[in-house]
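> The following comprises the amino acid sequence and a computationally predicted model.
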Amino acid sequence: MTQHILVPIDGSESAQRALEHACLMQRVLEAKLYLLHIPEVPQATDYIGARVGAPPLDYNPTKGREEGEALLEAAWQAAGGSGDVEYHVAEGRPAQVIVAQVENLGIDTIVMGSRGLSDLKGLAVGSVSHKVSHVAPCPVITLHVPD
Amino acid sequence: MKPTMVQRILVPLDGSDSARQALEHASLLQRMSGAALRLLRVKEPPSADEHLGAMVGVPPVEMLENPGDDDSEERHWLASIWHEVGNRDGEADWHVASGDPAPAIVEQAREFDADLIVMGSRGQGQFQNLIFGSVSQQVSETAPCPVITYHVPETASA
């Protein structure tokens, strides 16, 4: 039975290590990988746009999708990936989007990087991987690399 | 660390279902990399049951005077898990330490010169975890090497 492994990619070092690890699992388990990027919509830098937190005028979801797919492709190439893979780009709050994809895509395992609690934001609101591992309906493998 | 270059993997085990699954995962890595595995069990000294000792949570006096050199029960337990879950032809040894789990695991990682720790996560069930983080979080923050944490959903581990 083919395993379906979801790998959220945010461009960080630990996410890249998690992807390398998922590639290894793919080779042993003949799994299919689903790479997921959740773009953070940029904020406009002009006066009013910055005040209200609106995205810049030249931003649109299509642009976010194209940039996201380019980032996933680059991560996949850098990891030396060669098996069955799909790219997905979805907007929203990261932990919720990741968990929603488990059902949408029929995911068996999530493999993701962890930034841990060392940054203040992680301490206050909990890191994304921490949230995901507590609400996901499937096993979650997190990978933490020393700073 | 390329995953295939891993040479020494430390696997702390505490009897939980997620730890057992972490060992299965480490065995899978071992088949790919030929790494040596070390299974670790950390004995936590029991709290004293007399009044003052129980209040401050120190071990009983006899435990302090004689920390208990007899690890045979724990070693036997590790060996039996390895036979159930591990690779028949993979290289593994077992080690028993005692004390506070997270520092004991990190110390053993240094001693073994581990280049990877694979462990289960028991999540946030205990109140003290809210303040200090779970054992796996504490290990992730302080270990000298990458840490892979295996988390199974509550319903599956119950």
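Great, that's in hand. Residues are numbered from 1 along each chain as shown, chains lettered A, B, ... in the order given.
> low-scoring pLDDT stretches of chain B, where are they?
B:1-4, B:46-50, B:52-69, B:123-133, B:155-158 (pLDDT under 70).
> residue ranges for the helices of it, please.
Ranges of helices in chain B, per DSSP state H, are B:17-33, B:51-56, B:61-65, B:72-85, B:101-112, B:127-132, B:135-142, B:154-157.
> Buried residues of stretch B:8-28, list them for me.
B:8-14, B:16, B:18-23, B:25-28 (16 or more other C-beta atoms under 10 Å in any protein chain shown). Any C-beta I mention is one placed from the backbone N, CA and C, and that applies to glycine too.
> May I have that stretch as CSV, with CA atoms only?
Output of stretch B:8-28 as CSV, limited to C-alpha atoms (Å, rounded to 0.1, in the frame of the first residue of the first chain):
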residue,chain,number,x,y,z
ARG,B,8,24.8,6.7,15.4
ILE,B,9,21.1,7.0,16.4
LEU,B,10,20.0,7.4,20.1
VAL,B,11,16.5,6.1,20.8
PRO,B,12,15.1,7.0,24.3
LEU,B,13,12.3,4.7,25.3
ASP,B,14,9.7,5.3,28.1
GLY,B,15,7.1,2.6,27.5
SER,B,16,4.7,4.8,25.6
ASP,B,17,3.2,3.9,22.2
SER,B,18,4.8,6.9,20.5
ALA,B,19,8.2,5.8,21.7
ARG,B,20,7.7,2.3,20.3
GLN,B,21,6.7,3.8,17.0
ALA,B,22,9.8,6.0,17.1
LEU,B,23,11.9,2.9,17.5
GLU,B,24,10.2,1.4,14.4
HIS,B,25,11.0,4.5,12.6
ALA,B,26,14.7,4.4,13.8
SER,B,27,14.9,0.8,12.6
LEU,B,28,13.7,1.9,9.2
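> Find the residue closest to residue 37 in space, skipping its chain neighbours.
Here I'm looking at chain A. residue A:68 (4.1 Å; C-beta to C-beta, 6 or more residues apart in numbering or on different chains).
> you looked at the wrong chain, it should be chain B
That would be residue B:92: by C-beta to C-beta, 6+ apart, it lies 4.2 Å from residue B:37.
> Touching, that neighbour and residue B:40? I think so.
No - using C-beta atoms under 8 Å, residue B:92 makes no contact with residue B:40, being 11.2 Å away.
> Among these two, which residue is more densely surrounded?
Each of residue B:92 and residue B:40 has its neighbours counted (other C-beta atoms under 10 Å in any protein chain shown); residue B:40 has more, 25 against 20.
> Any stretches of chain A with poor pLDDT?
In the predicted model of chain A, residues A:116-126 satisfy pLDDT under 70.
> Up against chain B, what does chain A have?
A:17, A:20-21, A:23-25, A:27-29, A:114, A:116-118, A:130, A:133-134, A:136-146 (C-beta under 8 Å from any C-beta of the partner chain).
> Would you check that my belief about residue A:71 contacting residue A:38 is correct?
No - applying C-beta under 8 Å, one finds residue A:71 not in contact with residue A:38, separated by 10.8 Å.
> quick one, which of the two is more surrounded?
When residue A:71 and residue A:38 are compared for neighbours, residue A:38 comes out ahead with 22 against 18, by other C-beta under 10 Å.
> Now do the more buried one against residue B:149, distance only.
According to C-beta to C-beta, to the nearest Å, residue A:38 stands 21 Å off from residue B:149.
> Kindly report the same for residue A:42.
Taking C-beta to C-beta, one finds residue A:42 at 32 Å from residue B:149.
> what's the answer for residue A:75, then?
Separation of residue A:75 from residue B:149 (C-beta to C-beta) stands at 21 Å.
> OK, contacts around residue A:61?
Applying C-beta atoms under 8 Å, 6 or more residues apart in numbering or on different chains to residue A:61 gives the contacts residue A:91.
> Relative to residue A:99, how far out is it?
In terms of C-beta to C-beta, residue A:61 sits 21 Å off from residue A:99.
> Please, a PyMOL command that selects the buried ones among the residues of chain A next to chain B?
Command for PyMOL that selects the buried part of the residues of chain A next to chain B, burial taken from 16+ other C-beta under 10 Å:
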select buried, chain A and resi 17+20+21+23+24+25+114+116+117+130+133+134+136+138+139+140+141+142+143+144+145
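> and the buried residues of stretch B:8-28 near chain A, which?
Within the buried residues of stretch B:8-28, those near chain A by C-beta under 8 Å from any C-beta are B:21, B:25, B:28.
> Show me the strands in chain A, by range?
Along chain A, counting by DSSP state E, strands occupy A:4-8, A:32-37, A:85-89, A:109-113, A:140-144.
> got the CA positions of the last one in PDB?
C-alpha atoms of strand A:140-144 as PDB (Å, rounded to 0.1, in the frame of the first residue of the first chain):
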ATOM      1  CA  VAL A 140       3.300  13.700  12.800                       C
ATOM      2  CA  ILE A 141       7.100  13.400  12.500                       C
ATOM      3  CA  THR A 142       8.900  16.600  13.400                       C
ATOM      4  CA  LEU A 143      12.600  17.300  12.800                       C
ATOM      5  CA  HIS A 144      14.500  19.900  14.900                       C
END
